[in-house]
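Colleague: just need the structure, nothing else, for what follows:
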Amino acid sequence: MDIQSTTTSHVLSVSLPRVILPEMVTVTAKKGDRVDVVADAWHMERDCHYEWQIRFAAGDVDMSTVRARFGPDGKFSIEVQRRTHGQSCTPRFGTGFRYRY
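Modeller: Residues are numbered from 1 along each chain as shown. This is a model prediction of the structure:
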């Protein structure tokens, strides 16, 4: 997996075999600024299972911005926006669920 980092984002990309279709890839955002990726062609016996566990530095990324894309050429990429200097890890007041009575 290749990683390209800028001051605003991290982009992780890998070329997967053409037999791996988008529905065979699972991306999971986890606690502790982690992303797990599993790509599995369950109908094959060889060269069919790929797995990555990515851990970012604490507070470096905004996990709500994790975006995965599967290109037509078989290139799979994940983009995660980095937090700006001084940006809080906690949500601002007034966001989230709103209740109406």
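Colleague: all strands in this protein, in order from the N-terminus.
Modeller: Taking DSSP state E as the test, the strands found in the chain are 2-5, 9-15, 25-30, 34-40, 49-55, 67-70, 75-81.
Colleague: what is the neighbour count of residue 11?
Modeller: Residues near residue 11, counting by other C-beta atoms under 10 Å, number 15. Where C-beta positions appear, they are placed from N, C-alpha and C, glycine not excepted.
Colleague: tell me the spacing between residue 64 and residue 76.
Modeller: Distance, residue 64 to residue 76, using C-beta to C-beta, to the nearest Å: 20 Å.
Colleague: of these two, which one has the most company?
Modeller: Comparing residue 64 with residue 76 by other C-beta under 10 Å, the one with more neighbours is residue 76, at 21 against 9.
Colleague: so that one sits against residue 38, correct?
Modeller: No: between residue 76 and residue 38 there is no contact under C-beta atoms under 8 Å: 11.6 Å.
Colleague: now do the shared contacts for the two.
Modeller: Shared contacts of residue 76 and residue 38, defined by C-beta atoms under 8 Å, 6 or more residues apart in numbering, comprise residue 25.
Colleague: mind putting the strands of the chain in a markdown table, mean pLDDT included?
Modeller: Formatted as a markdown table, the strands of the chain follow (pLDDT from 0 to 100):
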| stretch | mean pLDDT |
| --- | --- |
| strand 2-5 | 94 |
| strand 9-15 | 95 |
| strand 25-30 | 92 |
| strand 34-40 | 93 |
| strand 49-55 | 93 |
| strand 67-70 | 93 |
| strand 75-81 | 95 |
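Colleague: that'll do, ta.
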